[in-house]
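Novice: make a model of this:
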Amino acid sequence: MICQRCNNQFPEEYNFCPQCGLAFEKDASPHYWLSKARELRRKGKMRQAISAYDQYHSLGGTSAYSYKALGELYYQMGEMDASIANFKKSIELKPDFADTYYHLGVSYYRKANILKAIENFEKCLELNPDFVIAYYWLGITYYHAGDRQKAIDSYAKLLDFNPASYIANYHLGVNYAAEGKYEEAIRHFETLLEQSRDNEAVLYHLGTAYFHSGKFTEAVRLLRQSLENNPNDRRSQKMLDYIISGSDI
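Specialist: Numbers count the residues shown, from 1 in each chain. Next up is the predicted model:
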């Protein structure tokens with residue numbers, strides 16, 4: 001068996017080139033290659049699974065799910081352009097599949113195309129308002145787009161679905177603090193502190209919010225606790241120095 005891509009020769013029983021991952025065409029059936037691609041994906045052989053999906057498509061196979069699978073495989077390999085291209089093909093074939101818009105949004109975010117990411121997360125939630133994880137990503141993208149109020153709205157929606165959500169409370173606290181709404185930030189950080197007394201990030205943010213709210217004793221106590229947990233936490237140390245001595249942050 002000679003690989004048509006790299007021209008190396010391998011035993012006949014090989015299904016894929018071990019050098020470049022090209023699938024050897026032993027069966028012209030699209031169904032064979034689709035089954036092979038799924039099997040290889042389950043085994044974690046991503047490059048070979050991609051080659052099998054390519055064989056399936058080259059033989060006339062057309063499926064929104066196969067293009068979505070390719071998009072996910074390319075995403076896992078860090079190839080965002082190929083990931084986006086395949087998710088788009090999947091959407092062309094199945095434009096009402098919320099899950100594909102979600103994955104496309106994440107791929108756009110990984111490419112730092114924030115506006116496209118927002119567009120696809122919004123579309124995902126339009127098709128399925130119960131697609132809870134999309135609210136998390138929508139909050140992140142709005143935050144990076146500079147629209148903290150919409151970020152807050154997105155995380156609040158996530159909190160509606162899961163009032164105990166650690167990540168929703170954390171990001172709400174961070175966004176409220178960035179907006180100067182320290183009492184609201186304190187409420188969310190205190191909720192987190194009840195769940196985890198040793199989280200340095202929460203101790204730092206809550207201590208800082210206490211300081212800006214005029215609660216200096218509480219602020220110093222939490223910042224010192226943060227430093228006890230992690231003596232290398234420079235931001236807690238700088239904030240503590242600022243409160244105690246007035247040195248620059």
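Novice: quick check: mean pLDDT across stretch 241-249?
Specialist: Stretch 241-249 shows a mean pLDDT of 77.
Novice: kindly apply the preceding question to stretch 17-30 instead.
Specialist: Average pLDDT, stretch 17-30: 66.
Novice: flag every buried residue along the helix or strand encompassing L206.
Specialist: Per DSSP states H and E, L206 falls inside helix 200-212. Buried positions in helix 200-212, judged by neighbour count with 16 or more other C-beta atoms under 10 Å: 200-211. Glycine gets a C-beta too; all of them are placed from N, C-alpha and C.
Novice: quick check: mean pLDDT of it?
Specialist: Helix 200-212 comes out at a mean pLDDT of 95.
Novice: what residues does that helix touch?
Specialist: With contact meaning C-beta atoms under 8 Å, 6 or more residues apart in numbering, helix 200-212 is reached by 170, 173-174, 177, 180, 182, 185-186, 189-190, 192-193, 196, 216, 218-223, 225-226, 229-230, 233, 235-236, 239, 243.
Novice: swap in 6 Å and give it another go.
Specialist: When contacts are defined by C-beta atoms under 6 Å, 6 or more residues apart in numbering, helix 200-212 is touched by residues 173, 177, 182, 185-186, 189, 192-193, 218-219, 222-223, 225-226, 229-230, 233, 235-236, 239, 243.
Novice: so which of the residues you listed belong to helices?
Specialist: Taking DSSP state H, the ones among those that sit in helices are 173, 177, 182, 185-186, 189, 192-193, 218-219, 222-223, 225-226, 229, 235-236, 239, 243.
Novice: now those residues: which count as buried?
Specialist: 173, 177, 182, 185-186, 189, 192-193, 218-219, 222-223, 225-226, 236, 239, 243.
Novice: give me the pLDDT for the most centrally placed residue in the chain.
Specialist: The residue lying closest to the centre of the chain (C-alpha atoms, centre = their mean) is V106, at 5.8 Å. As predicted, V106 sits at a pLDDT of 98.
Novice: phi and psi next, for it.
Specialist: Note on V106: backbone dihedrals following degrees, to the nearest 10 are phi -60, psi -40.
Novice: I'd like to know how many residues surround L159.
Specialist: Per other C-beta atoms under 10 Å, the neighbour tally for L159 reads 19.
Novice: excluding chain neighbours, what is closest to it?
Specialist: Nearest residue to L159, sequence neighbours excluded (C-beta to C-beta, 6 or more residues apart in numbering): A168, at 4.3 Å.
Novice: any low-confidence regions in the protein?
Specialist: 1-5, 10, 12-16, 19-28, 246-249 (pLDDT under 70).
Novice: distance to E72 added to the buried residues of helix 200-212, as a markdown table?
Specialist: As requested, the buried residues of helix 200-212 are exported to a markdown table (distance: C-beta to C-beta, whole Å):
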| residue | distance to E72 |
| --- | --- |
| E200 | 34 |
| A201 | 30 |
| V202 | 33 |
| L203 | 37 |
| Y204 | 36 |
| H205 | 34 |
| L206 | 38 |
| G207 | 41 |
| T208 | 39 |
| A209 | 39 |
| Y210 | 43 |
| F211 | 44 |
